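Asks: what's the 3D shape of this:
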Amino acid sequence: MSRLARFLQASSPAAVFALVGLTGCSAGLEHLDRRRWLGGSETSVPIEEVPVHGHEIDLAAFGDGQRYSVSGELLAVDPVAIWVLESTGEVAWVPRADLLDVKIELYDSAATGTAIWTTIGSLTTPSHGLFLIFTLPMWVGTGTAASIGASESNNLVVPLEDIDALYQFARFPQGLPPRFIQPKPQYAAQWLGSD
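Replies: Numbering: from 1, shown residues only. Here you go, the predicted model:
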């Protein structure tokens, strides 16, 4: 009998669930280097795999006496602010001095797929007969832990002193282009192009 089998036989179910659940937590946060996540140096990545959008970012900030958050696509990082395209289509900027917390999504987590497989596996447990009392909690416990782990494994919390490294995750890594943000017209004549 292998050491793992002896361990599992001698351990309580709670210890086994804890061991399985914690394995997803063992990986540490990596350095902020986009090449690590996209497969090598910029010369070895095929043009089809080069993202045309910035990565998703969540910013928490404190300004004007209140806490606020901004989420969306990272457009640019400059010495003064971080520019984000929100899901509403509005471009928001957050002054670097106001930042409290920065979290960036490095890749798609596939947590939904893991949750679907957990559900399917749980639904098959009646075919296990009386062993259902063991297999259903195992499916639910390990599947839930795997789904939660997958949903958070793709997020990187960026220390505020490393904000400058975020440029490589932005749509415009060189900075926001001039005239990217157009002021909204105040009158209908401005919409039509006549002043």
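Asks: check contacts around N155.
Replies: By C-beta atoms under 8 Å, 6 or more residues apart in numbering, N155 lies in contact with 103-106. Backbone N, C-alpha and C define where each C-beta goes, glycine included.
Asks: who wins on neighbours among these?
Replies: I104 (20 neighbours; other C-beta atoms under 10 Å).
Asks: wait, that one sits on Y167?
Replies: No. If you go by C-beta atoms under 8 Å, I104 and Y167 don't touch, sitting 11.7 Å apart.
Asks: for V52, helix, strand, or coil?
Replies: coil (DSSP: H, G, I helix; E, B strand; the rest coil).
Asks: burial count for it?
Replies: 5.
Asks: for it, which non-adjacent residue is spatially closest?
Replies: Distances taken as C-beta to C-beta, 6 or more residues apart in numbering place R171 nearest to V52, at 7.5 Å, with adjacent residues excluded.
Asks: do a quick rundown of the strands in this protein.
Replies: Using DSSP state E, the strands found in the chain span residues 56-63, 66-77, 81-85, 91-95, 99-105, 155-157.
Asks: contacts only, for the closest residue to V102 other than its chain neighbours.
Replies: Distances taken as C-beta to C-beta, 6+ apart place V158 nearest to V102, at 4.3 Å, with adjacent residues excluded. Residues near V158 by C-beta under 8 Å, 6+ apart: 32, 102-104, 165-166.
Asks: how many neighbouring residues does Y107 have?
Replies: 11.
Asks: same deal with S122?
Replies: 16.
Asks: what do you get for I163?
Replies: Neighbour tally, I163, other C-beta under 10 Å: 15.
Asks: so it sits against L99, correct?
Replies: Yes. The pair I163 / L99 is scored as a contact, 7.1 Å apart, by C-beta under 8 Å.
Asks: need the overlap of contacts for the two.
Replies: I82.
Asks: show me what the residue nearest to S87 when sequence neighbours are not counted is bridged to.
Replies: Leaving aside its chain neighbours, S87 sits nearest to G72 (5.8 Å; criterion: C-beta to C-beta, 6+ apart). With DSSP bridges as the criterion, G72 is bridged to I57.
Asks: what does the pLDDT read for G72?
Replies: Predicted confidence (pLDDT) at G72: the value is 92.
Asks: which residues touch it?
Replies: Neighbours of G72 in contact, by C-beta under 8 Å, 6+ apart: 56-57, 84-87, 92.
Asks: shaky segments in the protein?
Replies: Within the chain, the segments meeting pLDDT under 70 span 1-51, 179-195.
Asks: okay, now the domains of it?
Replies: 45-107+155-175, 109-153 (automatic domain parsing).
Asks: how far does the last one stretch from start to finish?
Replies: Same thing as domain 109-153. 7 Å (C-alpha to C-alpha, to the nearest Å).
Asks: again, but for stretch 86-106
Replies: End-to-end distance of stretch 86-106 (C-alpha to C-alpha): 17 Å.
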